[in-house]
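Student: Build me a structure from this.
(one chain, ligands or ions: 2)
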Amino acid sequence: MMVVGLTGGIGSGKTTVAGFFRELGIPLYIADDAARRLMNTSEEIRDKIINLFGEASYKDGLPDRKYIASKVFNNSTQLNLLNDIIHPAVARDFKNWQSLQDAPYVIYEAAILFEKDGYKNCDLTILVTAPYEEKIKRLRERDQSSVEEIEARMNNQWSDEKKRKLADFEIENLHREQTGRHVENLHDIILKSGKN
Ligand SMILES: CC(C)(COP(=O)(O)OP(=O)(O)OC[C@H]1O[C@@H](n2cnc3c(N)ncnc32)[C@H](O)[C@@H]1O)[C@@H](O)C(=O)NCCC(=O)NCCS
Ligand SMILES: Nc1ncnc2c1ncn2[C@@H]1O[C@H](COP(=O)(O)OP(=O)(O)OP(=O)(O)O)[C@@H](O)[C@H]1O
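Tutor: Ligands and ions are numbered 1, 2, ... in the order given. Here you go, the predicted model:
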C-alpha cells in the first residue's frame with residue numbers, strides 16, 4: 001500500500017484537498033487530528049507537556065491549546081521540544097492505523113511533513129499552495145485569528161519555495177472546482193504509478 005503525504009502551509013487548504021480524496025474513497029489520516037486526540041488521551045504526553053510548560057498547560061485534564069500555542073509559536077526551541085513529544089507518538093499511531101487499512105493508497109495529511117522526517121515514510125508527496133493574501137483572508141474568516149498569530153505559525157514552517165523542491169506534485173488551491181478536478185487527475189496518476 002502506498003502512502004501519499006499531503007502538506008501545505010497554514011490555511012493553504014490541505015484539509016479541503018484531503019476531503020476531495022476522501023470523496024474518491026481514499027482513507028485519510030489527519031496528523032493534526034491525531035495529535036489533538038493523543039494530547040487529550042495519553043497520560044504520558046500530558047505529563048511530558050506539563051513538565052515542559054507547567055500546570056497551566058492542562059485544565060480539567062485537557063490541554064489549553066491557546067496557552068500552549070502562546071508558548072511555542074514565538075519560541076522555536078520550545079516548539080521543537082513540543083514536536084519531539086508529539087511527532088513520535090503520531091508516527092506510531094499512523095503505523096497502527098495504516099495496518100488496518102485496505103486500499104491502493106492512503107493519504108497522510110500533515111502540516112509539518114518536509115520540516116521533519118515524515119516525508120521519508122511517504123511514497124509520493126503533494127504540496128498544497130495558495131497566495132499569502134488568500135491564506136490570511138481564509139484563516140481570518142475561519143478562526144478569527146489575528147494576522148500576527150497566523151504569521152507566527154507561518155514563520156515556523158518552510159516557505160513554499162523550499163517545500164516545492166521536495167514535493168512530487170503541487171496543487172495550487174485557488175478555486176474549489178478546479179482543485180477538485182486536479183485531485184481527480186492526481187488520483188488516476190497515483191493509481192497508475194502503483195501498478196508499475
Ligand atoms: C500548539 C498547538 C497546541 C496549538 O493548537 P491549535 O488548536 O491552535 O492549532 P492546530 O493544532 O489545529 O494547528 C493549526 C495549524 O497550526 C500550524 N501548526 C501546528 N503545529 C505546528 C508545528 N509544530 N509547527 C509549525 N506549525 C504548526 C499548522 O499550520 C496547523 O495546521 C498545536 O498546534 C500543537 O500541539 N502543535 C505541535 C504538534 C504538531 O506538530 N501538530 C501538527 C501535526 S502532528
Ligand atoms: N479554494 C478555496 N476557496 C475558498 N476558500 C477555501 C478554498 N480552499 C479552502 N478554503 C477555506 O479556507 C479555510 C482553510 O482551508 P483548510 O482548513 O482546508 O486549510 P488547511 O491548510 O487545512 O488549514 P490549517 O493549516 O489551519 O489546518 C477553510 O475555511 C476552507 O473552507
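Student: I'd guess residue 174 is in a helix, am I close?
Tutor: No - counting by DSSP: H, G, I helix; E, B strand; the rest coil, residue 174 is not found in a helix; it is coil.
Student: Hmm, it is touching residue 128, no?
Tutor: No - counting by CB atoms under 8 Å, residue 174 stays clear of residue 128, with 11.0 Å between them. All C-beta spots, glycine's among them, are computed from the backbone N, C-alpha and C.
Student: Compare the two (neighbour count), which wins?
Tutor: residue 128 (27 against 12; other CB atoms under 10 Å).
Student: For the more buried one, which non-adjacent residue is spatially closest?
Tutor: In space, and not counting its chain neighbours, residue 128 is closest to residue 8: 3.2 Å by CB to CB, 6 or more residues apart in numbering.
Student: Now do the domain split for the chain, please.
Tutor: Following automatic domain parsing, the chain resolves into domains at 1-27+105-196, 33-100.
Student: pLDDT averaged over the first one, what's the number?
Tutor: I take that to be domain 1-27+105-196. Domain 1-27+105-196 comes out with an average pLDDT of 94.
Student: do the same with stretch 70-89
Tutor: 95.
Student: Now that stretch: buried residues?
Tutor: Of the residues in stretch 70-89, those buried under the neighbour-count criterion (16 or more other CB atoms under 10 Å) are 71, 72, 73, 79, 81, 82, 83, 85, 86, 87, 89.
Student: ditto for stretch 152-172
Tutor: Quick answer for stretch 152-172 (16+ other CB under 10 Å): 152-154, 156-158, 160, 163, 167-172.
Student: For ligand 2, state which of those is nearest.
Tutor: residue 153 (7.8 Å; CB to the nearest ligand atom).
Student: I figured the closest one hits residue 10, correct?
Tutor: Yes - between residue 153 and residue 10 there is a contact under CB under 8 Å: 4.9 Å.
Student: State the phi and psi torsions of residue 42.
Tutor: Dihedral pair for residue 42: phi -90, psi 120, per degrees, to the nearest 10.
Student: same question, the one 4 residues further on
Tutor: According to degrees, to the nearest 10, the main-chain angles of residue 46 amount to phi -60, psi -50.
Student: any idea how far residue 48 is from residue 108?
Tutor: Here the criterion is CB to CB, to the nearest Å. By it, residue 108 lies 24 Å from residue 48.
Student: neighbour-wise, which of these two wins?
Tutor: More neighbours surround residue 108 than the other of residue 108 and residue 48, with 28 against 17 (other CB under 10 Å).
Student: Follow the chain on from the longest helix that the chain contains and name the next helix or strand.
Tutor: In the chain, taking DSSP state H as the definition, the longest helix is helix 76-99. Of the helices and strands lying after helix 76-99 in sequence (DSSP states H and E), the nearest is strand 105-109.
Student: what packs against the very next helix or strand once past that next one?
Tutor: As assigned by DSSP H and E, the chain's next helix or strand after strand 105-109 is strand 124-129. Packing contacts for strand 124-129, counted by 3 or more CB pairs under 8 Å, 6 or more residues apart in numbering; DSSP states H and E, involve strand 2-8, helix 14-23, helix 160-164, strand 169-172, helix 176-194.
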